[in-house]
Every structure is written in C-alpha cells, then in structure tokens.
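S.K.: Quick one, fold the following:
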Amino acid sequence: MSLAMTSPPASEPVTVADAKAHLRIDGSDEDVLIASLLLTSRLHIETALSLALVTQSWTLRLDCWPAGRDVELPLSPLRSVDEVRVKDASGVAVVVPAESYLVDLAARPARLIWNNVTPSIPQVAANGIEIDLSAGFGADGNSVPAPLKHAVLMLAAHWYEHRDPQEIGGEGARIPDAVGELINPFRTIRL
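M.R.: Down below sits the predicted model:
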C-alpha cells in the first residue's frame, strides 16, 4: 500500500500573520522561515494523526483487494472517494463505476464497501488498484479544529526557538508535551 499526495492544500491552517502574533514578531525578515515552520508543523501533525487538516487530494495504491468487503481508507476526515481504478493486463487503469461501491464517511477510518458486486482483480503484480481520495476538515484554516491549529502554532514556535542542530531522539529534539496533549483527542484508537 502506498499513499501519494496529488493536490496539496490551497492554504495552511495557520497564517504567517497568526504565527508572528503568537511569537510576538513585528518585522517581516523571517516570514519565509515562519512559513516553512508552519508547513513542517502541519505535516508533522498530519502524519502523526493520519489526518488532513485542510482539504487535499491523495491517491491510495494497493496491490490487491483486502480480504472481506471493506477497504479501509487511511486519511481522516475523508470528504470523498473521487475515483477507483483497476489496472488490466496491459497496465491500463480502468475506472470502476461509482455504483459498484459505497463510501462510509462516518466510520473511522472511513471505508469503501462493495455494493453487492465482486471487484475486478488487478492484472498487474504491484499497484494494480488506485483510489483517488479527498480529505480534510475544509477548504481553509477556518474549518480546522482550534486545538489542532494551536498545536501547529505551538510546534512552529518550539522549532523557531530551538534552531540549533539536534540529534534525532535527543532531549532537545523532543516535541513539547503540550503539543501531544492538544492532538491526543484526534488520534484514532483501535480496539
């Protein structure tokens, strides 16, 4: 299984102006650095939680269909499954009709369920199934829950204040506990 971004979010959940206010910075000398820290903080939090904060598009690639009728979709909150394709023997991706499956957006993780049909079996050994997804809380930062936006701000501020090279896993490279506490309610818990 692989997941590849096909369209990034149109904006970050936190603006440079918000971060500068949080950091108490007046000038514009470090705007590029702050924008980079906001991007990196968002990516870190999204990866840790398997979330998409602002709407973005991805392609999930599978070698074969999982056992059972459900395909768990690894990003939350899922907004839609835009297209499902299965590759034939010549490697051409054939679109699966949307009537063939249902998308359960309420489940966490969301899932694709076959609608009383047997899915086509891919005829190539690797990445024979492609599922295009859209995920995110909304089109801009206004839709992102406040604790997640604050976690992005806090993480960017932490990295702004700790610019010295650190050994990965060292004490100075640790993510602040407060950031972990803010994002904890958004973790997917498996039973």
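
S.K.: Which residues does the longest helix belonging to the chain contact?
M.R.: For the chain, the longest helix by residue count, based on DSSP state H, is helix 31-49. Applying Cβ atoms under 8 Å, 6 or more residues apart in numbering, the external contacts of helix 31-49 come out as 12-14, 16, 19-20, 23, 25, 51-53, 76, 148, 151-153, 155-156, 159-160, 175, 179, 183, 186-188. Every C-beta, even on glycine, is put in place using the N, C-alpha and C of the backbone.

S.K.: what's the answer for stretch 1-19, then?
M.R.: Residues outside stretch 1-19 that contact it (Cβ under 8 Å, 6+ apart) are 31, 34-35, 37-39, 42, 52-63, 74-75, 127, 132, 136, 139-141, 144, 148-149, 152-153, 156-157.

S.K.: now stretch 154-164
M.R.: 14, 19, 22-23, 33-34, 37-38, 40-41, 44-45, 172, 175-176, 178-179, 182.

S.K.: quick one on the thing from earlier: take the contacts of helix 31-49 and, keeping just the buried ones, write it as a PyMOL select command.
M.R.: This is the PyMOL syntax for the buried subset of the contacts of helix 31-49, where burial follows 16 or more other Cβ atoms under 10 Å:
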select buried, resi 12+13+14+16+19+20+51+52+53+76+148+151+152+153+155+156+159+160+175+179+183+186
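
S.K.: mind listing the strands for this structure?
M.R.: Secondary structure of the chain, counting by DSSP state E: strands at 2-7, 56-62, 70-72, 78-87, 93-95, 101-104, 111-114, 129-135.

S.K.: Identify whichever of the ones you listed lies nearest to residue 120.
M.R.: Proximity to residue 120 (Cβ to Cβ) singles out strand 78-87 among these, at 4.4 Å.

S.K.: Does anything pack onto that closest one? Which helices or strands?
M.R.: strand 93-95, strand 101-104, strand 129-135 (3 or more Cβ pairs under 8 Å, 6 or more residues apart in numbering; DSSP states H and E).

S.K.: Walk me through the domains of the chain.
M.R.: 2-53+140-186, 58-135 (automatic domain parsing).

S.K.: got a list of what the residue nearest to residue 183 when sequence neighbours are not counted touches?
M.R.: Spatial nearest neighbour of residue 183, excluding adjacent residues (Cβ to Cβ, 6 or more residues apart in numbering): residue 151 at 5.1 Å. Neighbouring residues of residue 151 by Cβ under 8 Å, 6+ apart: 41, 45, 179, 182, 183.
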